[in-house]
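Trainee: Got a predicted structure plus its sequence, pasted below:
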Amino acid sequence: MSNEKEKIGFRPLALCYACLFYLFLYLPIAVVVVFSFNTSQLNVTFQGFTFEWYGRMFENVQLMQSFFNTLIVAAVSTLLSVILGTLCAVGMYRFKFRGRETVSNLLYIPIVIPEIVLGIAMLAFFTLVKIQMSMVTLIISHVTFSMPFVVITVRSRLAGFDPSVEEAARDLGANDWRIFRRVTLPMILPGVLSGAMLALTMSLDDVVVSFFTTGPDSMTLPIKILGMVRKGVSPDVNALSTLMILGTVLIMLAATFFEMRMEKKEEA
């Protein structure tokens, strides 16, 4: 009985702690959303409700161009990171070769290394090989720090993979490509999607590495906002940020729904 009373008395405290925790996480996001409807140009006090900034947002050519650059870089780098990371994880799982553990450990370097060090290293490399800073260098740098996250998530999915399933498909006459496409990939797809979400998130909000590897015509939205901070961020940036938050939530919900369907199919 005493244990039950302790548990019952502990629940309100746990609920209060959870509310404070989520308030700490999401209150800044809520402030951005609220001030996107503010009539005042100063993000200090809320003076009135308006949709004006959502219309002006599309009139800001530089802001929208940086936003489109961000989407292009994020989409291409995520796609390349997923392809290269998945192939790397599957190859390291299937084949045993000398130095495999060394290669595995080297994958953690872009994750644990400070971003400013990675950014300077990428800048020095592109300068050494005489590659002009552009959208290409930006995508290459994003793939560099995003791909290890895909490898780690896919390898964690492969940890519980049953190799007898592939052997059964091979006994039935399927070649390696058909086995990977029809058997292996559907079973590791939740891990691939998780890695893709991580790579997409890392690319969308990167500032430090992009600052060193971006060109004059490939400025991304985080770099643009960083430059606007000195003079003050206009409310149309809040409006664009609100739309990006809404899009991110929709993508997360769609990915979660897809993963749940895949897990149900595996259980069936």
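Mentor: Yep, it's here.

Trainee: just the helices in the stretch 151-268 of the chain please.
Mentor: Secondary structure of the stretch 151-268 of the chain, counting by DSSP state H, counting those that start in this stretch: helices at 163-171, 176-179, 185-204, 208-213, 221-228, 235-267.

Trainee: Highest mean neighbour count out of the ones you listed?
Mentor: helix 208-213 (a mean of 22; mean count of other CB atoms under 10 Å). For glycine as for every other residue, the C-beta is placed from the backbone atoms N, C-alpha and C.

Trainee: Touching that helix from outside, list them.
Mentor: Under the criterion CB atoms under 8 Å, 6 or more residues apart in numbering, residues 115-116, 118-120, 122-123, 126, 133, 137-138, 140-142, 145, 220, 222-223, 226 lie in contact with helix 208-213.

Trainee: And stretch 189-201, by the same measure?
Mentor: Stretch 189-201 has contacts (CB under 8 Å, 6+ apart) with 74, 77-78, 81-82, 85-86, 146-147, 149-154, 156-158, 185, 251-252, 255, 258-259, 262-263.

Trainee: ok, 6 Å please
Mentor: 74, 78, 81-82, 85-86, 146, 149-150, 153-154, 157, 255, 259, 262 (CB atoms under 6 Å, 6 or more residues apart in numbering).

Trainee: Pull out the buried members of these.
Mentor: 74, 78, 81-82, 85-86, 146, 149-150, 153-154, 157, 255, 259 (16 or more other CB atoms under 10 Å).

Trainee: wait, which of the residues you listed is closest to residue 216?
Mentor: The closest of these to residue 216 turns out to be residue 74 (CB to CB; 19.7 Å).

Trainee: Which pLDDT does the model give that closest one?
Mentor: Looking at residue 74, its pLDDT is 93.

Trainee: and it, that one's in a strand?
Mentor: No: counting by DSSP: H, G, I helix; E, B strand; the rest coil, residue 74 is not part of a strand but helix.

Trainee: Can we start the residue count at 18 from this point?
Mentor: Sounds good: first residue 18 from here, last item residue 91.

Trainee: I'd like to know how far it sits from residue 58.
Mentor: Per CB to CB, to the nearest Å, residue 91 is found 29 Å from residue 58.

Trainee: cool, and residue 28?
Mentor: Noted for residue 28: a distance of 46 Å to residue 58, by CB to CB.

Trainee: One more: residue 160?
Mentor: Distance of residue 160 to residue 58, computed by CB to CB: 38 Å.

Trainee: So which of these two has more stuff around it?
Mentor: Each of residue 160 and residue 58 has its neighbours counted (other CB atoms under 10 Å); residue 160 has more, 22 against 12.

Trainee: so what's the more buried one up against?
Mentor: Contacts of residue 160 (CB under 6 Å, 6+ apart): 94, 97, 98.

Trainee: can you put these in CSV and add distance to residue 197?
Mentor: Supplementary listing: the contacts of residue 160 in CSV, determined by distance: CB to CB, whole Å:
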residue, distance to residue 197
94, 23
97, 18
98, 18
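
Trainee: Okay, now stretch 121-135: how far is its last residue from its first?
Mentor: Stretch 121-135 has an end-to-end distance of 19 Å (criterion: CA to CA, to the nearest Å).

Trainee: Other residues contacting it?
Mentor: By CB under 6 Å, 6+ apart, stretch 121-135 touches 161, 162, 165, 168, 225, 226.

Trainee: mind running it again at 7 Å?
Mentor: 109, 161, 162, 165, 168, 225, 226 (CB atoms under 7 Å, 6 or more residues apart in numbering).
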